[in-house]
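*Asks:* How does the following fold in three dimensions:
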Amino acid sequence: GLNLGCKSTSGSTAQPATEGAPQEAAMFRDALARAEKGDALAQCQVGQYYAAGQGCEKNPAAAVIWYRKAAEQGNAAAQTRLGICYDEGNGIDYSATEALNWLRKAAAQGDAEAKACLARVIFSDPSLYPGFPEALRCLKEAPEQGNADAQGGLLCLAWFNALQEGKPIGSEWQDLRASAEKGNRKAEVCLGFAYLDGHGVAEDEAESLRWFLRAAQQQEVLAESFVASAYLDGVGTNRNARQAVKWARQAAEHGDAQAQNMLAHCYQSGDGVKRNYAEAIQWARKAAAHGSEKARLGLGLAYRDGKRVERDYAQAYHWLDLAALQGNTNAIAARDDLFRRMTPEQRACAGAVARTRLAKYDSAFAQSAGSCVMSSYAIAANHFTGLPVTAFFEGYCHHFGIAYTNALDAEVKYSRHFDGEFR
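*Replies:* Okay, the predicted model is just below:
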């Protein structure tokens, strides 16, 4: 069973880590005793102790258990932490649906951190475009409550809008740079991108890395990922695979799919770390669960060919189908070829069924009023945004809090939801 760091989850006797400071261990035991009696604040504190390994053995899964207990009692801080755990896949499997669900609950109670996190989650996922007004509202409200990340985010947005409108460098850039120089990590990341791509300033890879490093040292996940990439590719610095692995691991553990992919590659090739195929597959699966098209295709091919994993056509079809539904042409070809090789039993096991597809979009249709109407919206949106049709089905499900397993499932479930509302 799960080791919670105590003899019994229903008892009051804890087993704190021997290396923990005596004072921290005592605080943990006190919080645990109150938490086991149902105190929501104490339950959230126990979750934080387990997450940080303060006064007890570090145990992310145990942290999630205690966050959930407090969150279900309405504790906003615990709801925020639980949402972040789901978003990062830390202590529990990644789930965008659950992350949004808990962050929205906390944001509705006025939690500034939840509002900032909710805005970040929505802005970082193209499939969540329908939720952009909600994200913008949260981003504007959180700074008023003193949230520094949201303040930096708003400055980034103001500067980006000025660039889009073709304005010369002015107060927006000055405000952004001033915030970065004071240590605002979101503003530092924004400057990193500006110098990396030459947006409004002269392109300067070394200066870009300097700002990314400043933000990464404050545990800004996106910055950690770009620092890792810079060291791996030698952008703005000499190539250093060991440093790349160090920063990739930090970002990967915080749920960044690009870093998880990078770490999988390093473990597979032995670049900057001892080769370990089991670790490579583990990180590739995490990246794939976060929606990485590259990771999904790679996993599908690995399971199809039995490369360093046991050959498994059901797993292969699952990952290739997910990548195909994102519009990856290599995945589409590989999936359809695999389908022809599979026995009826293997197809049934994989949930693979022959289905009519709209060739241009590779989108599945459950022929219902909801499906047809929403598909037409999605196809029109695809024309104007270039996003895959399936991204909008997932976005609809995110918006209405409908759980789903993949893009096809999202289309089917949302069509049912729409039909119910329509009637």
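*Asks:* In this protein, what helix or strand scores lowest on average pLDDT?
*Replies:* Sorting the helices and strands of the chain by mean pLDDT, DSSP states H and E puts strand 357-358 at the bottom, at a mean of 36.
*Asks:* I'd like the distance between residue 258 and residue 121.
*Replies:* 16 Å (C-beta to C-beta, to the nearest Å). All C-beta atoms are positioned from the backbone trio N, CA, C, and that covers glycine.
*Asks:* Then residue 289?
*Replies:* Distance, residue 289 to residue 121, by C-beta to C-beta: 15 Å.
*Asks:* more neighbours, the two?
*Replies:* Looking at residue 289 and residue 121 with other C-beta atoms under 10 Å, you find the greater number of neighbours at residue 121, namely 22 against 19.
*Asks:* Would you confirm that the more buried one contacts residue 98?
*Replies:* No. The criterion here is C-beta atoms under 8 Å, and residue 121 misses it with residue 98 at 11.3 Å.
*Asks:* for stretch 87-102, which positions count as buried?
*Replies:* By neighbour count on 16 or more other C-beta atoms under 10 Å, the buried set for stretch 87-102 is 87-92, 94-96, 98-102.
*Asks:* and these, which of them are in helices?
*Replies:* 87, 88, 96, 98, 99, 100, 101, 102 (DSSP state H).
*Asks:* The residue lying closest to residue 199 once chain neighbours are set aside: neighbouring residues, count only.
*Replies:* Spatially, and ignoring its direct neighbours in sequence, residue 199 is nearest to residue 163 (6.0 Å; C-beta to C-beta, 6 or more residues apart in numbering). Residue 163 has 15 neighbouring residues, counting by other C-beta under 10 Å.
*Asks:* so how far is residue 222 from residue 163?
*Replies:* On the measure of C-beta to C-beta, residue 163 and residue 222 end up 19 Å apart.
*Asks:* and if you look at residue 349?
*Replies:* In terms of C-beta to C-beta, residue 349 sits 38 Å off from residue 222.
*Asks:* Give me the more crowded residue out of these two.
*Replies:* Under the neighbour definition other C-beta under 10 Å, residue 349 and residue 222 were set side by side, and residue 222 has more, 22 against 16.
*Asks:* State the helix or strand in which the residue found closest to the more buried one once you drop the neighbours it is linked to in the chain lies.
*Replies:* Leaving aside its sequence neighbours, residue 222 sits nearest to residue 189 (C-beta to C-beta, 6+ apart; 5.6 Å). Following DSSP states H and E, one finds residue 189 within helix 185-197.
*Asks:* Sketch out the low-pLDDT regions of the stretch 1-150 of the chain for me.
*Replies:* Scanning the stretch 1-150 of the chain with the threshold set as pLDDT under 70 gives 1-20, 125-131.
*Asks:* If we use 50, what do you get?
*Replies:* By pLDDT under 50, the low-scoring segments of the stretch 1-150 of the chain are 1-20.
*Asks:* dump the residue contacts of residue 289.
*Replies:* The neighbours of residue 289, taking C-beta atoms under 8 Å, 6 or more residues apart in numbering as the test, are 89, 93, 94.
*Asks:* ok, now which ones touch the first one?
*Replies:* Right, residue 89. 255, 286, 289, 290.
*Asks:* Now that we're looking at the residue nearest to residue 222, what pLDDT does it have?
*Replies:* Residue 189 carries a pLDDT value of 93.
*Asks:* Around it, how many other residues sit close by?
*Replies:* The number of residues packed near residue 189 is 25, by other C-beta under 10 Å.
*Asks:* swap in the one 5 residues further on?
*Replies:* Around residue 194 sit 26 other residues, with neighbours defined as other C-beta under 10 Å.
*Asks:* quick one: contacts for it?
*Replies:* Residue 194 neighbours (C-beta under 8 Å, 6+ apart): 200, 201, 208.
*Asks:* can we see that at 6 Å?
*Replies:* 200, 201 (C-beta atoms under 6 Å, 6 or more residues apart in numbering).
*Asks:* any idea how far residue 225 is from it?
*Replies:* As judged by C-beta to C-beta, residue 194 and residue 225 stand 17 Å apart.
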